[in-house]
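**Q** Sequence and computational prediction follow.
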Amino acid sequence: MITARAAATFEPVGRSVATARSFVRDTLQGWGHADIIDDAVVLTSELVTNAVVHAGTSAEVLCLRGDDHVRIEVSDRYPEREIPLQSAAINMGSPDREGGRGLQLCAALAGRWGVDYSATHKQVWFQLDLPERSVGTRAAGPALPTELLPLADERVRVAVVQIDKTGAITSWSEDAEHLFGYAAEQVTGKPLTDLAAWPHTPGTSTGIADALLLSRWEGSYGIRSASGRVAPVYASHLRVRDTDGDPSTVCLLVRDHERAVLQTPLRGPVPESGTHAENQGADAFETFIGSPAPDDLDGLLQRTVERARDMLDGDSAFLLLATDDETELEVRASTGLPSARQRFARVPVEVGPGRYGSARMPAVHEDLTQVPGAVPLLNGTGMRSVVTVPLKVEGRLTGSLGVAAESPDRYSNEEALRLQFAADRIAMAVESARLRELEKLRRGSLSFLVEASDLLAGTLDRDQTLALMAQMTVPTLATWCAVYMIADQTSEPHLSYVLHEEEDRIDGLKALLAKIAPPDPVPTPGARVWQAPAEAAHQAALRTSMRSLGLNEPTNVSSGIGTTLATASAVGGETVVLPLVARNRVIGMLTLGKPTDEHFRQEILELAEDLSRRAALALDNARLYSERMAISQSLQRSLLPPELPDVPGVEVEVIYRAAGEGNEVGGDFYDLFPIRDGAYGFAIGDVCGTGPEAAAVTGLARHALRLLAREGFGGPAVLERLNAAILDEGARSRFLTLLYGELWPQEDGSAVLKMVCAGHPLPLRLRQNGTVEPYAEPQPLLGVMDDLELYEQTMTLDPGDVLLCVTDGITERREGTRMLGDDGLAEVLANCTGLTAGAVAARIMRAVERFAADAPSDDMAILAMRVPEIHHG
């Protein structure tokens with residue numbers, strides 16, 4: 001009686017053989033017959049190869065399940081080839097001969113096999129008997145003592161989450177609400193990617209969006225709960241379709257420590273050396289790893305340790321890959337070991353004299369309690385016996401594979417030979433996958449560093465550079481980071497910036513780091529391990545726990561560290577320090593950290609070292625820029641006049657804009673100062689050019705004007721002597737336009753002006769009736785000719801009149817081919833009747849700024865003076 005069936009057709013191309021193996025494997029796995037998968041896959045592989053490779057036709061594979069057997073039929077469209085019947089006593093030739101090998105396997109492995117013909121098809125079939133098991137049993141393991149059963153909470157909660165074809169959540173179970181704190185209505189319709197914390201390494205790994213599209217997927221990641229913390233989960237995904245044909249993904253999630261609830265049981269052990277699977281030509285790599293082999297390094301390594309553990313009936317297994325210099329081994333996959341022994345922990349290749357202290361030779365330790373430290377990775381794990389073998393490619397050590405058991409005397413040289421046999425067959429595949437991953441990582445690293453360099457080069461602000469460096473580091477390279485800066489050679493490092501991938505941990509982390517001594521500023525390149533944060537976190541957690549239990553606190557625990565257990569967990573992993581070296585000086589340290597029991601991989605540390613060099617130079621550039629800017633601004637402020645004096649009966653307003661980033665004063669300048677009782681000097685000028693060179697002449701002009709005016713010289717004499725002083729500067733001299741005048745407020749409310757306009761834009765007078773007119777005559781500019789004959793003009797400002805003085809940065813404001821000009825300025829001024837001096841200056845500046853979209857390219861100065869109207873009460 002047929003109880004289940006599955007069928008598929010495969011095109012006559014080479015890759016169809018692997019696809020057919022996957023189809024049969026998945027079908028039998030789904031039916032719960034893992035114990036016959038290996039034989040079925042080997043037979044299917046041979047028969048499909050005969051059809052699609054040798055016969056050159058498509059192959060149809062049909063899987064049928066009966067009450068006590070599974071029958072698999074392979075059909076092709078080449079019926080004229082003779083197939084010997086099972087009952088025929090014929091010679092099939094050598095097992096190494098290409099033709100007939102599949103039939104030999106059928107005769108050796110299948111309970112029954114045969115051939116059926118039709119006019120267009122030939123069908124070869126084989127039947128595998130199912131082992132007897134209890135009614136309803138899909139898979140079973142041995143009865144175990146209670147103490148060996150997996151740990152779980154009192155109530156195991158399995159979250160059921162369904163994701164539609166767009167990646168949005170459509171179903172959210174009650175257990176999901178309990179585990180993660182979100183009600184169904186809060187998350188329905190949102191992408192699962194918004195909640196998932198997926199492990200990330202630059203340039204590598206599959207994202208969760210990709211995993212949701214796979215037909216099946218199992219593994220670990222995190223879910224960001226409503227509290228803001230990441231809850232580690234073990235997940236099993238199954239891609240399904242509804243009655244309308246729309247696909248969706250059903251996700252079952254449990255707490256990571258309860259993964260045994262969902263974890264798929266592994267298939268039985270690999271046939272031993274000398275059994276039929278090896279003798280009859282099955283691919284040695286696929287026989288050990290299973291087909292299809294994972295196409296990513298992490299998947300391949302994890303499959304390897306699981307198969308190795310099962311092959312030797314061990315309690316744990318581990319695989320380490322060698323660093324490029326073959327001095328250290330890095331844990332890349334493990335099963336059955338505590339989390340502290342997982343992922344990127346490093347151990348030396350040589351841990352002692354002789355072959356048993358080297359990872360380069362196979363080794364068997366019958367009882368680790370007799371040789372403490374022989375296998376550092378297993379310290380404190382409870383493992384008693386272990387067998388380790390090297391992975392080598394062309395004589396070069398590429399890794400180490402080990403299997404361990406909790407009882408002593410479990411392994412001998414025989415198990416070492418079996419494990420070495422398997423290691424030899426996977427070493428090349430592992431090395432190839434490692435090189436592919438390394439190439440991806442290097443490409444991702446290059447892209448990361450290019451982007452980092454662009455971002456760091458885009459700012460000269462120290463605080464922004466610190467923030468950028470931290471944000472590029474977390475979470476791409478580390479879970480948290482801290483930056484210590486050193487002001488100068490005599491200063492101690494001080495904590496300048498702290499960042500954690502979970503914002504609610506930052507304050508606790510900062511408090512913890514502030515209570516411990518900073519790392520030593522060692523200039524040696526490369527990352528070095530820093531134990532202080534993990535030790536401080538451990539002591540703080542111990543203190544917190546003992547206080548919560550009402551016990552006396554240990555005397556060796558620092559009483560000043562008030563951190564939570566969550567903070568302690570966040571910094572409990574590996575912490576490394578990289579020096580920030582710029583211009584042969586250590587300017588700070590970049591500290592990177594992992595949460596409890598996690599380690600950095602070597603490639604990440606190398607990438608962090610590259611980033612630290614770029615960040616150090618950017619930070620030092622920002623420091624130099626800040627220092628020079630502070631000096632420049634201090635000098636520039638000294639060139640500006642002090643606060644303007646109050647002039648009785650006259651309103652005065654000044655607006656000044658220096659061109660150039662960071663400049664406070666340039667080539668334009670102004671001044672207003674008392675000369676003697678009742679008399680005030682005022683000036684507005686423009687030195688040729690902008691920036692520091694023009695500012696130097698500005699300082700000379702402003703101070704000379706005050707000195708000469710207070711010595712009693714009139715306007716023409718003041719400017720003639722200033723002209724001589726400018727010419728005395730020689731090559732440093734700059735020509736100067738200047739409007740200088742003296743102001744005498746009168747008792748009748750008017751003001752008398754005496755002015756000299758030396759090459760400067762003419763001042764404009766605004767009368768109460770709205771008329772605007774130039775209020776001086778042009779004369780030669782300063783700094784060009786030795787002999788100047790200047791004269792003074794005397795004028796009167798009536799009550800209500802405004803005198804507007806500007807530099808050419810105002811009148812020469814441009815937008816394309818248009819220029820504001822004298823006429824444009826006069827037009828704006830004409831609309832300022834009745835305004836105060838401050839309002840007039842503000843309206844002029846606003847009109848100038850709006851005239852063009854670009855930032856001004858020249859300094860601008862406005863000096864507005866107004867004689868108030870007299871109101872008779």
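**A** Great, that's in hand.

**Q** Name the helix or strand for the most centrally placed residue in the chain, please.
**A** Nearest to the geometric centre of the chain sits residue 476, at 3.2 Å (Cα atoms, centre = their mean). Assessed by DSSP states H and E, residue 476 sits outside every helix and strand.

**Q** I'd guessed residue 580 sits against residue 616; true?
**A** Yes: taking contacts as Cβ atoms under 8 Å, residue 580 lies within contact range of residue 616: 3.8 Å. Just so you know, the C-beta spots here come from the backbone N, C-alpha and C atoms, and that holds for glycine as well.

**Q** what do the two both touch?
**A** Here residue 580 and residue 616 have 587-588 as joint contacts, going by Cβ atoms under 8 Å, 6 or more residues apart in numbering.

**Q** How many neighbouring residues does the closest residue to residue 621 other than its chain neighbours have?
**A** Closest residue to residue 621 apart from its sequence neighbours, by Cβ to Cβ, 6 or more residues apart in numbering: residue 460 at 6.4 Å. By other Cβ atoms under 10 Å, 17 other residues sit near residue 460.

**Q** which ones are touching residue 460?
**A** Contacts of residue 460 (Cβ under 8 Å, 6+ apart): 621-622, 625-626.

**Q** how close does it sit to residue 468?
**A** Using Cβ to Cβ, to the nearest Å, residue 460 is found at 12 Å from residue 468.

**Q** what pLDDT, on average, does the helix ranked longest in the chain get?
**A** Counting by DSSP state H, the longest helix found in the chain is helix 413-457. The pLDDT scores in helix 413-457 average 83.

**Q** surely residue 68 meets residue 129?
**A** Yes: in this structure, residue 68 is within contact of residue 129 by Cβ under 8 Å, at 6.4 Å.

**Q** ok, longest strand in this protein?
**A** strand 230-241 (DSSP state E).

**Q** for that one, packing partners?
**A** Helices and strands touching strand 230-241, by 3 or more Cβ pairs under 8 Å, 6 or more residues apart in numbering; DSSP states H and E, are helix 174-180, strand 216-224, strand 247-255.

**Q** got the CA positions of stretch 28-35 in CSV?
**A** What follows is stretch 28-35, C-alpha atoms only, in CSV (Å, rounded to 0.1, in the frame of the first residue of the first chain):
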residue,chain,number,x,y,z
LEU,A,28,13.1,11.1,2.9
GLN,A,29,14.0,13.6,5.6
GLY,A,30,10.5,14.9,5.4
TRP,A,31,9.1,11.4,5.7
GLY,A,32,11.2,10.8,8.7
HIS,A,33,13.4,8.0,7.2
ALA,A,34,16.8,9.5,8.0
ASP,A,35,18.3,6.1,8.5
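
**Q** in that stretch, what counts as buried?
**A** 28-29, 31, 33-34 (16 or more other Cβ atoms under 10 Å).

**Q** what's the answer for stretch 300-320, then?
**A** 300-312, 314-320.

**Q** Tell me which of these fall in helices.
**A** Using DSSP H, the buried residues of stretch 300-320 in helices are 300-311.

**Q** In contact with residue 208, which residues?
**A** Residues in contact with residue 208 (Cβ under 8 Å, 6+ apart) are 192-193, 196, 198, 221.

**Q** one step back: mind putting the helices and strands packed on strand 230-241 into JSON lines with distance to residue 576 and mean neighbour count?
**A** Shown next, in JSON lines, are the helices and strands packed on strand 230-241 (distance: least, Cβ to Cβ, whole Å; neighbours: other Cβ atoms under 10 Å):
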{"stretch": "helix 174-180", "distance to residue 576": "32", "mean neighbour count": "17"}
{"stretch": "strand 216-224", "distance to residue 576": "23", "mean neighbour count": "16"}
{"stretch": "strand 247-255", "distance to residue 576": "30", "mean neighbour count": "20"}
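
**Q** Quick one, which of these gets closest to residue 329.
**A** strand 216-224 (23.0 Å; Cβ to Cβ).

**Q** related to what we said a few turns ago, any idea which of the helices and strands packed on strand 230-241 gets closest to residue 377?
**A** Residue 377 sits nearest to strand 216-224 of all the helices and strands packed on strand 230-241, at 20.4 Å, using Cβ to Cβ.

**Q** List the strands paired with that closest one, with their directions.
**A** Here strand 216-224 is paired, per DSSP bridges, with strand 196-197 (antiparallel), strand 230-241 (antiparallel).

**Q** which one of these has the most crowded surroundings?
**A** Neighbour counts (mean count of other Cβ atoms under 10 Å) averaged over each of these peak at strand 196-197, with a mean of 19.

**Q** Buried residues, the helix or strand just after that one. List them.
**A** Toward the C-terminal end, the helix or strand that comes next after strand 196-197 (DSSP H and E) is helix 208-211. Within helix 208-211, the residues scored as buried using 16+ other Cβ under 10 Å are 208, 211.

**Q** and helix 208-211, what's its mean pLDDT?
**A** Average pLDDT, helix 208-211: 76.

**Q** Would you mind writing the CA trace of that helix as CSV?
**A** C-alpha atoms of helix 208-211 as CSV (Å, rounded to 0.1, in the frame of the first residue of the first chain):
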residue,chain,number,x,y,z
ILE,A,208,17.6,37.5,7.4
ALA,A,209,15.7,38.7,4.3
ASP,A,210,17.6,36.0,2.3
ALA,A,211,17.0,33.4,5.0
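
**Q** Select, out of the strands paired with strand 216-224, the one closest to residue 56.
**A** Across the strands paired with strand 216-224, the minimum distance to residue 56, taken as Cβ to Cβ, is reached by strand 230-241, at 33.4 Å.

**Q** quick revisit: residue 242: which of the contacts of residue 460 is nearest?
**A** Comparing these against residue 242 with Cβ to Cβ places residue 622 closest, at 57.5 Å.

**Q** isn't that closest one right up against residue 459?
**A** Yes: Residue 622 is in contact with residue 459 according to Cβ under 8 Å; the separation is 7.3 Å.

**Q** rewinding a little: who does the longest helix of the chain touch, helix- and strand-wise?
**A** helix 284-289, helix 297-311, strand 363-365, strand 385-393, strand 396-405, helix 462-473, helix 602-639.

**Q** want to throw the ones you listed into CSV with mean pLDDT and distance to residue 833?
**A** Shown next, in CSV, are these (pLDDT from 0 to 100; distance: least, Cβ to Cβ, whole Å):
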stretch, mean pLDDT, distance to residue 833
helix 284-289, 56, 92
helix 297-311, 85, 80
strand 363-365, 87, 101
strand 385-393, 89, 91
strand 396-405, 89, 89
helix 462-473, 88, 47
helix 602-639, 83, 35
